[in-house]
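Undergrad: Would you be able to build a 3D model of this:
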Amino acid sequence: MPKNKLEGPSFLVLFACVSILLFFVLAPFISVLSLAVVFAILLHWPYERLVKAFGGMKSVAAAFTVCLMLVFFIVPLFFLGGQIFQEAQSLYLSLYGNGAHYLLVIQQAIENPIRHIIPGFVFNINSYVVSSLAVISNNLGSLVYQTLGIALETFLMLLALFFFLRDGRGLLTALSQISPLGKEMTDEILNKMHLTIKSVINGTFVNALIRWACISAAFYLFGIPNAILWGSIGGVIGAIPGLGTLVAFIPAVAYMYLQGDILAAIGLAASGIAIMTVVDNILTSYFFSKGLAVSQIFVLLSIFGGVIFFGPTGLVLGPLVLSVFLAVARAYNSYNFAEHETAS
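TA: You can find the predicted model right below:
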């Protein structure tokens, strides 16, 4: 067989083998690198502004951007995670006694009307809450107590973020040049990935943080016990398309009403409607309109699937995988359409 006929298949086999080896080498850091890529995309705009402010010094601008993220996002997130863990542990322990008072109030409000129709009906809300709190305690507890491992992964993520911000354009150029798909096709995929990741992550992760902050603040202002914990659970429930945020507020409004605080119940209900209108409708539509159209149910499933597959980081990595798939599919479709147009 001529030499030139062997070169193509041999090179492809060699490239595939080296790629597989590289994957196994980088596999322990996939989550760290993926998070760094996501944050590099989200922070690209402020980084570019800082580059101009620092007179084109990219290293200084990248380091400053990383420091801002550490101070204003990662450190507060770590302490809030610790606070949620403490509230979950406290409530978890109290449920083994007589149960939290406000949970008993809600349980009685659900049971009493139904017992007029179905005598003997029992709705043990404590068992459901205990199961949920056990999941929260186990996951957050491991994050809180495994300080060294979390600190190392955070450091690696910030280090990768620094290089992705500073050298991102050069890395993308090099990737498009060596890609077996060709420069044009690779550039198309990368552009779609950038647009899709930014819109989907903003529409899920950033939106979830805003929703969580708003729900926690509303619960705290109107006197709901363990406001940060219930605000976090409400933020997760609020991700369900359509009625998520409304469902998160119903138990809180019912509790305030049954306590006899009618004004607080009305104010809490109004807050829920405002959050649902602004965050679930306006902000979500705004973020997703910036990228590829995707149904929110697929985004929700990508979040749940990401958490099951990747763990806590799946909150970000699940939508990231969905974004990459949509970008590649859209770029491939555009490429085939252009080829058919040229052929005709």
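Undergrad: care to break the protein down by domain?
TA: Here the domain parsing of the chain from automatic domain parsing is 30-166, 179-344.
Undergrad: give me the low-pLDDT residue ranges for the stretch 1-150 of the chain?
TA: 1-8, 85, 88-149 (pLDDT under 70).
Undergrad: ok, which stretches of it are strands?
TA: With DSSP state E, counting those that start in this stretch, there are no strands along the stretch 1-150 of the chain.
Undergrad: got the CA positions of stretch 277-289 in CSV?
TA: Extracted in CSV, the C-alpha atoms of stretch 277-289 (Å, rounded to 0.1, in the frame of the first residue of the first chain):
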residue,chain,number,x,y,z
THR,A,277,-42.8,38.8,37.1
VAL,A,278,-39.4,40.4,37.1
VAL,A,279,-37.1,37.4,37.5
ASP,A,280,-39.0,34.5,35.9
ASN,A,281,-40.5,36.4,33.0
ILE,A,282,-38.6,39.6,32.2
LEU,A,283,-35.0,38.6,33.1
THR,A,284,-35.3,35.0,31.8
SER,A,285,-36.7,36.2,28.5
TYR,A,286,-34.0,38.9,28.2
PHE,A,287,-31.2,36.4,28.8
PHE,A,288,-32.4,33.7,26.5
SER,A,289,-33.2,36.2,23.8
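Undergrad: Buried residues of that stretch, list them for me.
TA: Val279, Asp280, Leu283, Thr284, Phe287, Phe288 (16 or more other Cβ atoms under 10 Å). (Glycine included, C-beta is placed from N, CA and C.)
Undergrad: now do stretch 66-83
TA: Val66, Met69, Phe78, Gly81.
Undergrad: can you redo those as JSON lines with distance to Ile233?
TA: Formatted as JSON lines, these follow (distance: Cβ to Cβ, whole Å):
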{"residue": "Val66", "distance to Ile233": "31"}
{"residue": "Met69", "distance to Ile233": "26"}
{"residue": "Phe78", "distance to Ile233": "19"}
{"residue": "Gly81", "distance to Ile233": "14"}
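Undergrad: Please identify which of those is nearest to Ser59.
TA: Val66 (10.8 Å; Cβ to Cβ).
Undergrad: Tell me where the stretch 201-344 of the chain has strands.
TA: Under the criterion DSSP E, counting those that start in this stretch, the stretch 201-344 of the chain carries no strands.
Undergrad: Point out where it drops to low pLDDT.
TA: Checking the stretch 201-344 of the chain against pLDDT under 70 turns up 239-244, 288-296, 312, 334-344.
Undergrad: what about the helices in it?
TA: Using DSSP state H, counting those that start in this stretch, the helices of the stretch 201-344 of the chain run over residues 207-221, 227-237, 244-258, 262-275, 284-289, 296-310, 314-343.
Undergrad: for those helices, which one ends up most surrounded?
TA: helix 227-237 (a mean of 22; mean count of other Cβ atoms under 10 Å).
Undergrad: doesn't Leu317 make contact with Val200?
TA: No - Val200 is not in contact with Leu317 according to Cβ atoms under 8 Å; the separation is 11.8 Å.
Undergrad: returning to what we had before: would you format the helices of the stretch 201-344 of the chain as CSV with distance to Glu153 included?
TA: Formatted as CSV, the helices of the stretch 201-344 of the chain follow (distance: least, Cβ to Cβ, whole Å):
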stretch, distance to Glu153
helix 207-221, 20
helix 227-237, 22
helix 244-258, 30
helix 262-275, 32
helix 284-289, 27
helix 296-310, 13
helix 314-343, 13
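Undergrad: Looking at those, spot the one closest to Leu165.
TA: Among the helices of the stretch 201-344 of the chain, if distance is taken as Cβ to Cβ, the winner is helix 314-343, at 17.5 Å.
Undergrad: if we can go back for a sec, could you dump the buried residues of stretch 277-289 into CSV and include distance to Leu326?
TA: Output for those, formatted as CSV (distance: Cβ to Cβ, whole Å):
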residue, distance to Leu326
Val279, 23
Asp280, 21
Leu283, 20
Thr284, 17
Phe287, 14
Phe288, 11
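Undergrad: Closest one of those to Ala53?
TA: For those, the nearest to Ala53 is Phe287 (26.5 Å; Cβ to Cβ).
Undergrad: what's the distance between that closest one and Glu188?
TA: 22 Å (Cβ to Cβ, to the nearest Å).
Undergrad: related to what we said a few turns ago, mind checking which of the buried residues of stretch 66-83 land in helices?
TA: Val66, Met69, Phe78, Gly81 (DSSP state H).
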